[in-house]
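Visitor: no FASTA, just this:
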Ligand code: HEM
């Protein structure tokens with residue numbers, strides 16, 4: 001073996017194996033600098049979420065406590081998928097308290113008080129409504145809208161009339177609902193028929 005190596009390479013076995021080892025190491029280092037096709041793992045793309053009409057109670061399920069569910073947040077009853085900003089709205093995030101909620105009032109008043117984290121627009125000043133509008137514009141631009149909040153009754157109370165036709169009972173709108181509706185109709189031309 002020693003003679004064969006010396007015969008073909010003119011090197012001692014020690015020098016020969018040292019050079020081979022160095023070549024292998026160099027090869028591995030250089031290969032490591034490039035991405036191999038095997039390194040590409042297909043990214044699992046989530047199908048686009050579409051929730052339609054849901055209640056505030058249902059929205060709560062998307063507050064980040066279940067990592068399998070997207071993070072959702074609502075402004076003026078319009079629900080946005082904010083999963084891409086997990087650092088803001090996910091567990092431990094600065095704005096995690098808004099996830100799974102309609103945060104309109106808190107955003108309008110720039111408040112983090114738990115009692116302000118709701119969709120009640122009653123009594124907000126023009127300036128606050130303007131701030132809220134800015135937030136809504138930001139969210140419409142940045143996040144996908146996946147549904148809208150409706151009062152519980154809208155989903156549950158459908159009755160069959162005397163002639164067999166299905167009649168939808170229009171729930172008595174609360175002041176909050178009415179405010180929410182009128183604001184969304186006035187302010188968002190695209191979403192005009194959402195709650196109507
Ligand atoms: C000391 C005051 C505050 C500072 C320094 C601050 C700072 C920031 C910064 C740096 C961002 C990231 C902006 C971006 O990358 O787009 C942000 C995002 C945000 N802030 Fe604040 N913030 C403050 C107060 C507030 C208040 C009072 C609210 C509402 C009650 C608020 C709600 C939000 C929300 C919702 C986002 C995320 C917006 C998104 O989803 O893109 N912040 N804030």
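Guide: That came through fine. Since the structure is predicted, the reported quantities are computational estimates derived from the model, not experimental observations.

Visitor: how about the residue in the chain that the ligand sits nearest to: what's its closest non-neighbour residue?
Guide: Among residues of the chain, the one nearest the ligand by CB to the nearest ligand atom turns out to be residue 110. It sits 3.8 Å away. Where C-beta positions appear, they are placed from N, C-alpha and C, glycine not excepted. Among residues not flanking residue 110 along the chain, residue 131 sits closest, at 6.9 Å (CB to CB, 6 or more residues apart in numbering).

Visitor: I'd assumed the one you found was in a helix, is it?
Guide: Yes. When the secondary structure is assigned by DSSP: H, G, I helix; E, B strand; the rest coil, residue 131 falls within a helix.

Visitor: pLDDT wise, what is it at?
Guide: Reported pLDDT at residue 131 in the predicted model: 98.

Visitor: around it, how many other residues sit close by?
Guide: A count of neighbours around residue 131, defined by other CB atoms under 10 Å, yields 16.

Visitor: ok, now the one 5 residues further on?
Guide: The burial count assigned to residue 136 is 21, neighbours taken as other CB under 10 Å.

Visitor: show me the strands in this protein, by range?
Guide: Listed in chain order, the strands found in the chain under DSSP state E are 52-54, 72-75, 78-81, 144-149, 158-160, 166-168.

Visitor: show me where this structure has its helices.
Guide: With helices called from DSSP state H, the chain shows them at 2-9, 13-32, 56-59, 86-89, 104-109, 126-142, 152-156, 175-187.
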